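Peer 1: Build me a structure from this.
(2 chains)
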Amino acid sequence: DGGITQSPKYLFRKEGQNVTLSCEQNLNHDAMYWYRQDPGQGLRLIYYSQIVNDFQKGDIAEGYSVSREKKESFPLTVTSAQKNPTAFYLCASSPDRGTGNTIYFGEGSWLTVV
Amino acid sequence: AQSVAQPEDQVNVAEGNPLTVKCTYSVSGNPYLFWYVQYPNRGLQFLLKYITGDNLVKGSYGFEAEFNKSQTSFHLKKPSALVSDSALYFCAVRANTGGFKTIFGAGTRLFVKA
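Peer 2: Below you'll find the predicted structure:
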């Protein structure tokens, strides 16, 4: 089945650790996104990528990093510089960033700082 | 600036009654509007979108939404609510200017009581 796969579903991070969330899509979409979801705040864009080997900062990129070495993969690293990383992280993709294109989401990953 | 508002944090409705989840927006240029649904601990699922044309848009699971340009609204509706419709609903807007950024509302929690 075509879709977006995020892993792991649950991840625990110790203080000072970097952790990486995986996102893979087999929809042949050009654009990929990472959002953060906190209760009552909707979704906030962390990073997006329109094409392989290119990505742009979103609204809350500080403390995060990404790579886009393959079309189907867009991993997100939460670094120790992110002071409040506990949240639900959503990876998404769309055919491109055209205006009418629908963004499709993965099932999300929970990150908790312990 | 581009923005979207969901004025109700929560909507309560009895099963079998019609439901409305409200959304208003502000963009420069023509809006592209989307509704998503999120079940607990899951990613967002696409319900419907308005790009152009008929102001009444029909989507998945019996949902529909009406685009009202003069009121800058895009309310989600369903003629007869089901208990299984209970979830978190997000409205999103994208403008055809400013880099095609998608903005999500804070979400409205829908409770359908049997």
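
Peer 1: and residue B:114, how many neighbours?
Peer 2: 7 (other C-beta atoms under 10 Å in any protein chain shown). (C-beta placed from N, C-alpha, C; glycine too.)

Peer 1: Contact partners for it?
Peer 2: Contact partners of residue B:114, counting by C-beta atoms under 8 Å, 6 or more residues apart in numbering or on different chains, are B:15, B:83.

Peer 1: make it 10 Å
Peer 2: Contacts for residue B:114 (C-beta atoms under 10 Å, 6 or more residues apart in numbering or on different chains) come out as B:14, B:15, B:16, B:82, B:83.

Peer 1: List the contacts of the fourth one.
Peer 2: Contacts here follow C-beta under 10 Å, 6+ apart; on that basis residue B:82 touches B:15, B:16, B:19, B:61, B:62, B:112, B:114.

Peer 1: Without its sequence neighbours, what residue ends up closest to the residue most central in space within chain A?
Peer 2: Centroid-nearest residue in chain A, with C-alpha atoms, centre = their mean: residue A:34, separated by 2.7 Å. Leaving out its chain neighbours, the residue that sits closest to residue A:34 by C-beta to C-beta, 6 or more residues apart in numbering or on different chains is residue A:46, at 4.3 Å.

Peer 1: Next, that neighbour: secondary structure please.
Peer 2: The three-state label given to residue A:46 by DSSP: H, G, I helix; E, B strand; the rest coil is strand.

Peer 1: Give me the spatial nearest neighbour of residue B:64, chain neighbours excluded.
Peer 2: Using C-beta to C-beta, 6+ apart and skipping the chain neighbours, the partner closest in space to residue B:64 is residue B:58 (4.8 Å).
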